[in-house]
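Chemist: any chance you can model this:
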Amino acid sequence: NLLPEDQSRPGRVRAFPRTMLIWHIVVNEVLDDGKQLAVTYDPHTGVAMALDTAAINSTLGVANRVYENSKVLFDRSTSSLWVHQQRCAYLGQLANRTLPLAGGVMEMSFGAWRKLHPSGLVLGSTEHSDVRNYRLDVYADYRANQHVVYQSSFNASTDPDGWYHPKEYALVVVFPGEEYDKHLIVPFREVSLMSNVVNLRHYNFPSLLSPSQPMVVVT
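Modeler: So this is what the prediction gives:
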């Protein structure tokens, strides 16, 4: 929940600190226009998304399961299980349904975000701050080492030349209407070699990409 002093105003950008999402994985939110969504972050894969939960008229929770190294979520209406990274339900009444994305997600430092959105809303909590240190990134060492706790179908044969760290951060470009396995993935390392900017054009829709870190922003 937002801090009491952070009253919502129409059109205000919301920021969700990664150090809080690491602990809770899912933040169920209702925007000023009544739109229902879930902001999610999986510390195992580094995937952050905003999901349109109005499509299933339910909030999301975190199941005590992992599939393909991805957190498993559940919806509170039917208790169907959803693979976070794929946005797809694999078990339950809503099996084979896919949650649509609710909009764009940007990741950047808090300083950069506050400069861009001085009146934006920031997720805060007084409920758990006495038992959880939200300033502590408990997955910092995990992201740095090459050990993958929960194995997936990705293995050395998928990247025989060992070009990328198993947990290499990447920008994922979603082109509307295309299948999941046709999304474009641009590793941060490649972006940094191109002056930190990649200009793309696909079906006459230009895109501008730039890598960033510790703050997830939904616009």
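
Chemist: mind listing what's buried along stretch 188-195?
Modeler: Within stretch 188-195, the residues that qualify as buried by neighbour count (16 or more other Cβ atoms under 10 Å) are 188, 190-191. For glycine as for every other residue, the C-beta is placed from the backbone atoms N, C-alpha and C.

Chemist: of these, which is the nearest to residue 122?
Modeler: Each of the buried residues of stretch 188-195 was checked against residue 122 using Cβ to Cβ; the closest is residue 188, at 24.6 Å.

Chemist: export the buried residues of stretch 188-195 as JSON lines, with columns for pLDDT and secondary structure.
Modeler: Formatted as JSON lines, the entries for the buried residues of stretch 188-195 read as follows, by pLDDT from 0 to 100; DSSP: H, G, I helix; E, B strand; the rest coil:
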{"residue": "188", "pLDDT": "79", "secondary structure": "helix"}
{"residue": "190", "pLDDT": "77", "secondary structure": "helix"}
{"residue": "191", "pLDDT": "73", "secondary structure": "helix"}
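
Chemist: give me phi/psi at the most centrally placed residue in the chain?
Modeler: The residue at the geometric middle of the chain, judged as the C-alpha nearest the mean C-alpha position with Cα atoms, centre = their mean, is residue 48 (0.7 Å). Backbone torsions for residue 48, taken as degrees, to the nearest 10, come to phi -120, psi 130.

Chemist: what about the residue lying closest to residue 50 once chain neighbours are set aside, how many residues nearby?
Modeler: Once its chain neighbours are removed from consideration, residue 50 has its nearest residue in residue 102; the separation is 4.2 Å (Cβ to Cβ, 6 or more residues apart in numbering). Taking other Cβ atoms under 10 Å as the neighbour definition, residue 102 ends up with a count of 21.
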